[in-house]
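K.L.:
only the shape, not the letters, is given here:
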Ligand SMILES: NC(=O)c1ccc[n+]([C@@H]2O[C@H](COP(=O)([O-])OP(=O)(O)OC[C@H]3O[C@@H](n4cnc5c(N)ncnc54)[C@H](OP(=O)(O)O)[C@@H]3O)[C@@H](O)[C@H]2O)c1
């Protein structure tokens with residue numbers, strides 16, 4: 001291993017936040033027993049927030065962002081993991097409180113490291129990343145509250161985004177045929193290729209006035225945008241159905257009534273990918289390896305960029321004009 005390596009470092013400068021590619025050393029990295037040579041990382045919405053002022057992700061600077069990393073172990077003190085293992089790290093404090101994946105070399109606590117199953121190659125793992133873990137966790141939680149009928153009417157919001165794209169592709173892989181994509185962009189060809197049957201624009205979806213109960217249009221919902229659109233969705237969920245709340249791309253607040261809950265028995269589940277145990281993550285990675293249709297996965301937009309060009313990716317994520325996933329080849 002070279003003594004120095006490149007990493008994107010976010011620093012506080014005067015009254016601003018600046019992100020710069022820098023030469024770093026091991027002493028610049030967070031503590032941990034496993035050192036990984038990064039092969040890929042993916043750029044998530046949270047990573048975009050990590051590089052801007054008041055993004056609410058990073059509290060202590062300097063910090064190397066990047067909440068995902070896929071790579072090969074070059075050193076470990078773990079008793080089970082070994083040098084050469086292909087691994088993935090997502091969540092925990094990676095790229096938030098602990099130096100992250102936008103770096104050629106990554107050092108993490110052993111217990112954060114998940115060994116990749118044989119059938120998930122590095123690029124596939126990076127395409128999935130935190131976005132895919134979140135999507136899969138949302139599907140698993142909806143299955144726990146009753147999702148099983150392959151004709152269930154399922155709504156996915158923020159549909160062209162990372163979480164949204166993977167949720168649609170995975171649902172389709174599992175045989176669900178009645179998927180509606182809610183999207184500002186309405187990139188119909190892309191969403192149909194992933195498996196969406198119907199596509200609705202966010203503007204036309206939002207009613208002028210939200211009634212406490214409306215026509216029961218959807219059985220289950222995977223929401224990635226949060227905000228007032230959730231208030232518009234809840235009255236449309238069918239009796240006994242449910243919604244998994246994953247994200248806040250459009251906002252954190254919504255106001256609603258108890259009626260969909262007490263008159264239609266609907267369930268709202270919160271999805272967190274950060275503090276999932278390694279057992280849950282391993283189950284998710286195996287599920288991805290065994291159940292995600294390769295042909296659909298290949299349709300998820302996954303352009304490759306270099307660490308040098310991360311700024312334009314961040315801008316498109318923050319503007320909401322980005323589609324699918326962008327991978328950083330390290
Ligand atoms: N709970 C967790 O553990 C967890 C894990 C990962 C991500 N997240 C959260 O999940 C959300 C999605 O993450 P991501 O990585 O998929 O982000 P992303 O790739 O940027 O996708 C977000 C999508 O939401 C839509 N969108 C963006 N801004 C919007 C706005 N102002 N109003 C309405 N729609 C908007 C866009 O899709 P359309 O143009 O198709 O509408 C966009 O592509 C983020 O809030 C992220 O923080 C949570």
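P.N.:
Cool, got the structure. Remember, predicted model here, so these are calculated numbers, not experimental data.

K.L.:
so which bits of the stretch 101-250 of the chain are right by the ligand?
P.N.:
By the rule Cβ under 6 Å from any ligand atom, the part of the stretch 101-250 of the chain lying against the ligand is 130-131, 134, 158-164, 183-185, 202, 224-225, 246-250. The C-beta positions use only the backbone N, C-alpha and C, and glycine is treated the same way.

K.L.:
shaky segments in the stretch 51-200 of the chain?
P.N.:
Filtered on pLDDT under 70, the stretch 51-200 of the chain yields no residues whatsoever.

K.L.:
show me the helices in it, by range?
P.N.:
Taking DSSP state H, counting those that start in this stretch to define them, one finds helices in the stretch 51-200 of the chain at 122-144, 162-173, 188-194.

K.L.:
may I see those helices arranged in a markdown table, with mean neighbour count and distance to residue 265 as well?
P.N.:
Shown next, in a markdown table, are the helices of the stretch 51-200 of the chain (neighbours: other Cβ atoms under 10 Å; distance: least, Cβ to Cβ, whole Å):
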| stretch | mean neighbour count | distance to residue 265 |
| --- | --- | --- |
| helix 122-144 | 24 | 15 |
| helix 162-173 | 28 | 23 |
| helix 188-194 | 19 | 30 |
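
K.L.:
centre-most residue in this structure?
P.N.:
residue 131 (1.7 Å; Cα atoms, centre = their mean).

K.L.:
so what's that residue closest to, chain neighbours aside?
P.N.:
Once flanking residues are discounted, residue 131 sits nearest to residue 162: 3.3 Å by Cβ to Cβ, 6 or more residues apart in numbering.

K.L.:
was I right to think the one you found contacts residue 42?
P.N.:
Yes: between residue 162 and residue 42 there is a contact at 7.4 Å, judged by Cβ atoms under 8 Å.

K.L.:
can you list residues touching both of these two?
P.N.:
129, 131, 325 (Cβ atoms under 8 Å, 6 or more residues apart in numbering).

K.L.:
the ligand versus residue 236, what's the distance?
P.N.:
Residue 236 sits 17 Å away from the ligand, taking Cβ to the nearest ligand atom, to the nearest Å as the criterion.

K.L.:
just checking, that residue touches residue 218?
P.N.:
Yes: the pair residue 236 / residue 218 is scored as a contact, 5.8 Å apart, by Cβ under 8 Å.
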